[in-house]
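>>> Give me a 3D structure for the following:
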Amino acid sequence: MKKTVLASVIAGIAFSGQAYAVELYNSEGSTFSVGGHISMGVGNDADDDLEVQSVSPRININATQELGRGWNADVKGEWSVDTLNGGGNAFSTRLGYIGVTHEVWGRGVGGTQWTPYYDVGGIADMPIAFANDFLYVNGYELGTGRGESMVSYRKTFMFGDNLGLNLGAAWQGDNTGDGVDYGDRGQIALSFDMGGIFVGYAFSAGSASGRGNDDADGHILSAKYGSYGDGLFVAAVYEMGSNFRNATKLGAGARDAYDSTSIEAIVAYALANSLNISWNYESHEDDDASDTLLEQTAIQVEYNFTGSFTGYVGYQIDLDEDDDRYALGVRYYL
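Here you go, the predicted model:
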């Protein structure tokens with residue numbers, strides 16, 4: 001595997017969007033860096049009251065080590081940072097894993113990580129203020145966003161300079177969330193990179209007792225063109241779930257798992273001065289009850305004042321309920 005491909009594989013596991021880190025050490029094949037970002041702004045809450053908001057702030061540490069003979073190891077720890085409230089719950093784990101990568105044999109990762117399913121499903125999860133929601137419903141336990149107690153493998157096969165076939169697979173052990181016992185789960189992902197075009201499919205399956213059915217399976221399809229923040233970017237995601245989600249209706253109370261259909265789409269265009277304008281749409285349907293649990297669309301603008309300081313403004317229209325949201329703020333990347 002070429003080093004350029006290796007770099008793209010590792011980047012694909014990281015959180016979508018811009019990523020920065022300050023390198024503190026680089027010597028004799030070892031590196032150590034600190035990264036993350038803090039967002040701060042104002043917007044309205046569920047009661048339409050104006051409040052100070054912080055959008056998914058986090059801090060991370062990253063280390064790499066050359067092992068020789070084409071092998072490289074890396075470690076990442078990332079924690080959510082409570083920037084609005086002090087106290088004992090200021091930090092909570094987002095990521096924590098060890099990865100080993102070979103130029104030919106691919107990459108294996110163990111720990112809490114972004115999953116192969118998210119490699120396919122998260123391509124539209126880009127704007128700062130309002131982005132994808134359905135992937136994070138039971139996301140840790142089902143492995144549709146970040147996956148806990150997970151071992152994964154990824155490999156890219158290159159056919160010429162512009163065509164890459166990406167293979168991903170993962171396994172999760174037993175875990176518990178929201179009073180549900182999740183048994184062994186597996187997932188597989190397959191995608192193609194063709195210049196600026198990406199097409200992918202992923203499948204997740206396994207047991208989940210105590211939620212109305214012992215099986216919880218999901219299929220997800222996605223496609224995109226371009227890179228977010230660089231000219232024209234278009235992406236769409238479509239998920240079909242069988243007893244896969246047991247979401248709340250945005251605070252209306254929990255329900256048993258149900259068959260579901262989810263859609264996410266985004267169109268964005270970044271001007272040469274880095275002003276990025278986007279429109280996105282998302283819906284999530286309980287097919288068993290023919291009930292729309294989530295349907296919303298948003299217009300957003302982001303602007304890079306510097307390479308590490310970004311302003312954002314967005315307005316999200318709730319198409320299912322009268323719960324429109326707005327947000328205005330800045331994000332600083334470490």
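>>> in the stretch 101-250 of the chain, which spans are helices?
Listed in chain order, the helices of the stretch 101-250 of the chain (DSSP state H, counting those that start in this stretch) span 116-121, 139-142.
>>> Return the most buried member of the ones you listed.
helix 116-121 (a mean of 28; mean count of other Cβ atoms under 10 Å). Quick note: C-beta positions are derived from backbone N, CA and C, even for glycine.
>>> List the neighbours of it that are in contact with it.
Outside helix 116-121, the residues that touch it by Cβ atoms under 8 Å, 6 or more residues apart in numbering are 12-13, 132, 135, 143-147, 152, 154, 166, 168-170, 187-189, 191, 200-202, 204, 218, 220-222, 237, 239.
>>> CA-only coordinates of it in PDB, if you can.
Extracted in PDB, the C-alpha atoms of helix 116-121 (Å, rounded to 0.1, in the frame of the first residue of the first chain):
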ATOM      1  CA  PRO A 116     -16.000   0.900   9.100                       C
ATOM      2  CA  TYR A 117     -19.800   1.500   9.100                       C
ATOM      3  CA  TYR A 118     -19.100   5.200   9.800                       C
ATOM      4  CA  ASP A 119     -16.500   5.300   7.100                       C
ATOM      5  CA  VAL A 120     -19.400   4.800   4.700                       C
ATOM      6  CA  GLY A 121     -22.300   6.400   6.600                       C
END
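>>> what helices or strands is the helix or strand harbouring Glu302 leaning on?
Applying DSSP states H and E as the criterion places Glu302 in strand 291-306. For strand 291-306, the elements it packs on are strand 276-286, strand 309-318, judged by 3 or more Cβ pairs under 8 Å, 6 or more residues apart in numbering; DSSP states H and E.
>>> going on from the worst-scoring helix or strand of the chain on mean pLDDT, what's the next piece of helix or strand?
The helix or strand of the chain with the lowest confidence, counting by mean pLDDT, DSSP states H and E, is helix 3-13 at a mean of 42. Per DSSP H and E, the first helix or strand lying C-terminal to helix 3-13 is strand 21-27.
>>> show me the contacts for the residue nearest to the spatial centre of the chain.
Geometric centre of the chain, nearest residue: Gly122, 4.9 Å, by Cα atoms, centre = their mean. Residues counted as contacts of Gly122 (Cβ under 8 Å, 6+ apart) are 16, 114, 132, 135, 145.
>>> Can you give the distance of stretch 204-211 from its chain's centre?
21 Å (Cα atoms, centre = their mean, to the nearest Å).
>>> Quick one: residues in contact with it.
If you take Cβ under 8 Å, 6+ apart as the criterion, stretch 204-211 is touched by 117, 141-144, 172, 179-187, 214-218, 220, 243-244, 246, 256-257.
>>> Buried ones only from the residues you listed, please, as a ChimeraX command.
The buried residues among the contacts of stretch 204-211 can be selected in ChimeraX (16 or more other Cβ atoms under 10 Å) with this line:
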select :117,141,142,143,144,172,180,182,185,187,216,217,218,220,243,244,246,257
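>>> Next up, the contacts around Asp184.
171-174, 206-207.
>>> From Trp114, how far off is it?
To Trp114, Asp184 is 20 Å away according to Cβ to Cβ, to the nearest Å.
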